[in-house]
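1. Generate a structure from the sequence data that follows.
(one chain, ligands or ions: 2)
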Amino acid sequence: MAETGRAAVFLGPGKGYEIQEFEVPVPEPDGIVIKVSMGGICGSDLHIWRGDSPLFAAMAGNVAGHEMTGRVHRLGAKVKTDSLGRPLKEGDRVAYAYFYPCGRCYQCNKGEFAACPQKLLGMGPSISKFSGAYGEYYYLKPGGWVFKVPDAITDAMATPVNCALSQVTYGLQAAGLRYGDTVVVQGAGGLGLNAIAVAKEMGADAVIAIDGVPGRLALAKRFGADEVVDITQQATPMDRIAKVKALTGGRGGDVVVEVVGIPQAVSEGIQMVREGGTYLEIGNISFGRTAEIDPSQLVWGSKRIQGVVMYNPWVIPEALDFLVRTKDKYPHGDVVSHTFRLDDINDAFQNSEWLREGDATKVNRAAIVMA
Ligand SMILES: [Zn+2]
Ligand SMILES: [Zn+2]
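-> Ligands and ions are numbered 1, 2, ... in the order given. Here you go, the predicted structure:
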């Protein structure tokens, strides 16, 4: 009998997940079957689960989740190495991208893989239903980037590598962060905490983190934030802008990073950018949710908006090296505050709903542990 495994299928916005059993695929010659160790619940997964955009309904019927790590379960006949040419064998721990730039488009030809319009479909549909993080297996399609995870990194540390950590690393590079800059981070969730540490390691002189959840503000400090702005204290956008200005010599940040994922944060964030600085937009993934901005602030302020989604391949090994280098400096393993079994995935999402009044302090970030 064929080998099978379980996975959480998304039933649609507001409907949660159902555990179903699927056949573990025999990999194509260039594909890899991965046994997932842990799948993280990212802010994007919460947007989809809630249905913050009606278009997310199209994702129903698929295995959900994109942030994960695992071990090589079965290698395709032609796969001998990881994406850096290092020997790869069954049982090796790996970090891998969850998207597949097509290699056959204008952007891919310019080496701008993160901007590939086809990157979620790659070179066609997967041969397997195991196409998300919340399953016992993940099928890495031919051409997918895969990198060995060093022994020094735990699974909890490796799980956010393919989303949160690589995303903010690539974003801060795209924003042109330079040595000595001041960085403001709107939102100290999974992406925000990683952004703080990465900004410091890229040479930021000061990092200011903004959030309203006490546990996140405390973690922000441990991740290197020099100052925190508590939105329960600075309750209006004007208060927060004034506070950021006061902390930056009246200027605002060189780079302001949006990782809250709500459109209302955008106008506020642009006003926190210094004249000539950059607003880095990462969090608002929900199609059709708009924000009102005053474009004259960009013109008269010579400000730039840089949007990013996903990243270029070399960011994953950079992120893994960063973890090895800084594992004793920042509490990488503490970002995930709660773990759940795959069977309890609906509870995991209910408990992660930070937008619901009163629950915000409960779970900072949850992850599903497969084994
Ligand atoms: Zn994510
Ligand atoms: Zn492409």
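2. Arg240 and Ile231, how far apart?
-> To Ile231, Arg240 is 7 Å away according to CB to CB, to the nearest Å. (Glycine included, C-beta is placed from N, CA and C.)
3. whoops, Ile208 was the one
-> From Ile208 to Ile231 the distance is 13 Å (CB to CB).
4. Next, count neighbours for the closest residue to ligand 2 within the stretch 251-371 of the chain.
-> Nearest residue of the stretch 251-371 of the chain to ligand 2, counting by CB to the ion: Met310, 11.5 Å away. Per other CB atoms under 10 Å, the neighbour tally for Met310 reads 21.
5. Before we move on, what's the pLDDT of it?
-> Looking at Met310, its pLDDT is 95.
6. Surely Gly253 touches Ala175?
-> No: counting by CB atoms under 8 Å, Ala175 is not a contact partner of Gly253; they are 10.6 Å apart.
7. sec struct for Cys108, please.
-> helix (DSSP: H, G, I helix; E, B strand; the rest coil).
8. Show the contacting residues for it.
-> Cys108 makes contacts with 101-102, 116, as judged by CB atoms under 8 Å, 6 or more residues apart in numbering.
9. if we can go back for a sec, quick check, the residue of the stretch 251-371 of the chain closest to ligand 2 in contact with Lys119.
-> Yes: the pair Met310 / Lys119 is scored as a contact, 6.0 Å apart, by CB under 8 Å.
10. okay, and the common contacts of those two?
-> By CB under 8 Å, 6+ apart, the residues touching both Met310 and Lys119 are 99, 113.
11. Could you count how many residues lie near the residue nearest to Ile196 when sequence neighbours are not counted?
-> Once flanking residues are discounted, Ile196 sits nearest to Phe223: 4.4 Å by CB to CB, 6 or more residues apart in numbering. Phe223 has 28 neighbours, counted by other CB under 10 Å.
12. per-residue pLDDT, Phe223?
-> What the model reports as pLDDT for Phe223 is 98.
13. ok, it - contacts?
-> Phe223 neighbours (CB under 8 Å, 6+ apart): 193-194, 196-197, 330-331.
14. Need the three-state assignment for Ile127.
-> Under three-state DSSP, Ile127 falls in the coil class.
15. got a winner among the contacts of Cys108 for most neighbours?
-> Going by other CB under 10 Å, Pro101 tops the contacts of Cys108 with 26 neighbours.
16. Correct me if wrong: it contacts Gln118.
-> Yes: between Pro101 and Gln118 there is a contact under CB under 8 Å: 7.2 Å.
17. ok so, going back, now for Arg240 and Ile231: what residues contact both?
-> Counting by CB under 8 Å, 6+ apart, the common neighbours of Arg240 and Ile231 are Ile210.
18. what about these two, which has more around it?
-> Arg240 (23 against 19).
19. Would you mind giving both backbone torsions of the residue nearest to the more buried one when sequence neighbours are not counted?
-> In space, Arg240 comes closest to Gln234 once its chain neighbours are excluded; the distance is 4.6 Å by CB to CB, 6+ apart. Per-residue torsions, Gln234: phi -100, psi 90 (degrees, to the nearest 10).
20. who touches Gln234 in this structure?
-> 240, 242-243.
21. burial of Asp334, as a residue count?
-> Asp334 has 16 nearby residues by other CB under 10 Å.
22. for the spatially closest residue to it that is not a sequence neighbour, helix, strand, or coil?
-> Nearest non-adjacent residue to Asp334, counting by CB to CB, 6+ apart: Leu219, 6.6 Å away. Look at Leu219: counting by three-state DSSP, its state is helix.
23. So the residue nearest to Ile196 versus ligand 2, what's the distance?
-> 34 Å (CB to the ion, to the nearest Å).
24. How many residues are close by Ala366?
-> 25.
25. again, but for Gly111
-> 10.
26. and if you look at Thr290?
-> With other CB under 10 Å as criterion, Thr290 counts 8.
27. residues contacting the nearest residue to it once chain neighbours are set aside?
-> Spatial nearest neighbour of Thr290, chain neighbours left out: Pro263 (6.1 Å); criterion: CB to CB, 6+ apart. Neighbouring residues of Pro263 by CB under 8 Å, 6+ apart: 284, 289-291.
28. Helices - which of those land there?
-> Among these, no member falls in helices (DSSP state H).
29. Which members of the residues you listed are the farthest-apart pair?
-> Spanning the widest gap among the contacts of Pro263 are Asn284 and Thr290, at 9.6 Å by CB to CB.
30. Domain-wise, how is the chain divided?
-> 4-149+337-369, 171-307 (automatic domain parsing).
31. Export these to a markdown table and append columns for distance to ligand 1.
-> Below are the domains of the chain laid out as a markdown table (distance: least, CB to the ion, whole Å):
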| stretch | distance to ligand 1 |
| --- | --- |
| domain 4-149+337-369 | 3 |
| domain 171-307 | 7 |
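32. Which of the ones you listed comes out lowest on mean pLDDT?
-> Among these, domain 4-149+337-369 scores lowest, with a mean of 92.
33. sorry, back to before: please name the nearest non-neighbouring residue to the residue of the stretch 251-371 of the chain closest to ligand 2.
-> Distances taken as CB to CB, 6+ apart put Ala114 closest to Met310, at 4.7 Å, once the chain neighbours are dropped.
34. residues near that neighbour, how many?
-> So Ala114, with other CB under 10 Å, has 21 neighbours.
35. and if you look at Leu140?
-> Neighbourhood size, Leu140 [other CB under 10 Å]: 27.
36. do the same with Asp321
-> 11.
37. how close does it sit to Leu46?
-> Between Asp321 and Leu46 the distance, using CB to CB, works out to 29 Å.
38. which residues in the chain form helices?
-> Under DSSP H, the chain gives helices at 43-50, 106-109, 155-158, 164-174, 190-201, 214-222, 237-247, 264-272, 295-300, 315-326, 345-352.
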